[in-house]
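Asks: Okay, here's the prediction I keep looking at, along with the sequence it came from:
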Amino acid sequence: MRAGTERLAALGRAELTLLVRNRTALVVALLLPVAMVASMRSSLGRVDLGAAGMTLDGALLSGAIGMVLLLVVYLNLTSAFVARREELVLKRLRTGEVSDAEILAGTALPAAALALAQSVLVVVAGAVFLDAGGPRRPELLVAGVLLGIVLMTVLAAATAALTRTTESAQITTMPLFLVCALGSGLFVPVDLLPDRIAWVCERLPMTGVMELVRAGLLGGADGAEAARAALRALIWIACSLVAVRRWFRWEPRR
């Protein structure tokens, strides 16, 4: 157990060093979520959020956390997995004592830690600058963020299996990014959409995560609703893990 923890820590430190050196990845991780949330403010002002029991500030806070999960974890990790594969780093690591799960988890550690830190900053900023107050259900917020990090990690690994180069990662990540950003209720709750569209959106990968995040920030969800949201997220995690085990590549395509 201790040896596994030490291996994970070593992999995490190495990946953090590479992340710090990659200025593009740092800009995406640190600045892009803020820029995208700011750009949504005027658009959300025209949406009747009160029908879903939300305020503009509440929508911005939940959307900010959703953007952190998508940009910091999913987009960055897809590129990281592809880059390490093409550089033969993953292949070399597999020749040692490190397990496959430890390799993927170690690569994901810096992005996961950064996403957690940014989520905390979002909550603190909301309480200080937006008068949003603290989270109404902290346990649901923590569960939503953690499930979101795990889900985005395994989805990144699954997307990396379809991605040939780090440059093409910008293309292969776009479909899932756009679908989740527009349909999973990051800023506008799924409840405000027409019934047929809402039915589809409820089954998208991030919808369950966002329902937990929103309930944690703003309250209003009972135990059954929270359980259903968590179950949907867990189902997507399980399906993504199956895809990773079956199709993830550990060395470049020839």
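Replies: Yep, it's here.

Asks: where does the stretch 1-150 of the chain dip in pLDDT?
Replies: For the stretch 1-150 of the chain, the stretches flagged by pLDDT under 70 are 1-4, 8, 19-23, 25-53, 131-132.

Asks: Tell me which stretches of it form strands.
Replies: Read by DSSP state E, counting those that start in this stretch, the stretch 1-150 of the chain holds no strands at all.

Asks: surely Ala112 meets Leu151?
Replies: No - judged on CB atoms under 8 Å, Ala112 makes no contact with Leu151 at a distance of 11.5 Å. (Glycine included, C-beta is placed from N, CA and C.)

Asks: what about those two, which has more around it?
Replies: Leu151 (23 against 20; other CB atoms under 10 Å).

Asks: Excluding chain neighbours, give the residue nearest to the more buried one in space.
Replies: Nearest residue to Leu151, sequence neighbours excluded (CB to CB, 6 or more residues apart in numbering): Ile237, at 5.2 Å.

Asks: Just the buried positions in the helix or strand hosting the one you found, please.
Replies: Element membership for Ile237 (DSSP states H and E) is helix 223-247. Neighbour-count burial for helix 223-247, counted by 16 or more other CB atoms under 10 Å, picks out Ala226, Ala229, Ala230, Arg232, Ala233, Trp236, Ile237, Ser240, Ala243, Val244.

Asks: dump the residue contacts of the fourth one.
Replies: Each residue near Arg232 by CB atoms under 8 Å, 6 or more residues apart in numbering is listed here: Glu202, Arg203, Thr207, Gly208.

Asks: one more time with 10 Å
Replies: The contact partners of Arg232, taken as CB atoms under 10 Å, 6 or more residues apart in numbering, are Leu147, Glu202, Arg203, Leu204, Pro205, Met206, Thr207, Gly208, Val209, Glu211, Leu212.

Asks: Same check on the fifth one?
Replies: Ala233 makes contact with 143-144, 146-148, 150-151, 205-212, according to CB under 10 Å, 6+ apart.

Asks: of those residues, closest to Ala160?
Replies: Leu151 (14.9 Å; CB to CB).

Asks: from what I can see the residue nearest to Leu151 touches Val150, true?
Replies: Yes - with contact defined as CB atoms under 10 Å, Ile237 reaches Val150; the gap is 5.8 Å.

Asks: Name the residues contacting each of those two.
Replies: What both Ile237 and Val150 touch, as defined by CB under 10 Å, 6+ apart, is the set Val209.

Asks: Now do the residue nearest to Leu151 against Asp222, distance only.
Replies: 23 Å (CB to CB, to the nearest Å).

Asks: what does Leu162 give?
Replies: From Leu162 to Asp222 the distance is 39 Å (CB to CB).

Asks: Which of these two has more residues huddled nearby?
Replies: Per other CB under 10 Å, whichever of Leu162 and Asp222 has more neighbours is Leu162, with 15 against 8.

Asks: Could you report the distance from the spatially most central residue of the chain to Val145?
Replies: With distances taken as CA atoms, centre = their mean, Leu69 lies nearest the centre of the chain, 2.6 Å away. Using CB to CB, Leu69 is found at 8 Å from Val145.

Asks: joint contacts of these two?
Replies: With CB under 10 Å, 6+ apart as the test, Leu69 and Val145 both reach Ala115, Gln118, Ser119, Val209, Val213.

Asks: neighbour-wise, which of these leads?
Replies: Val209 (33 neighbours).
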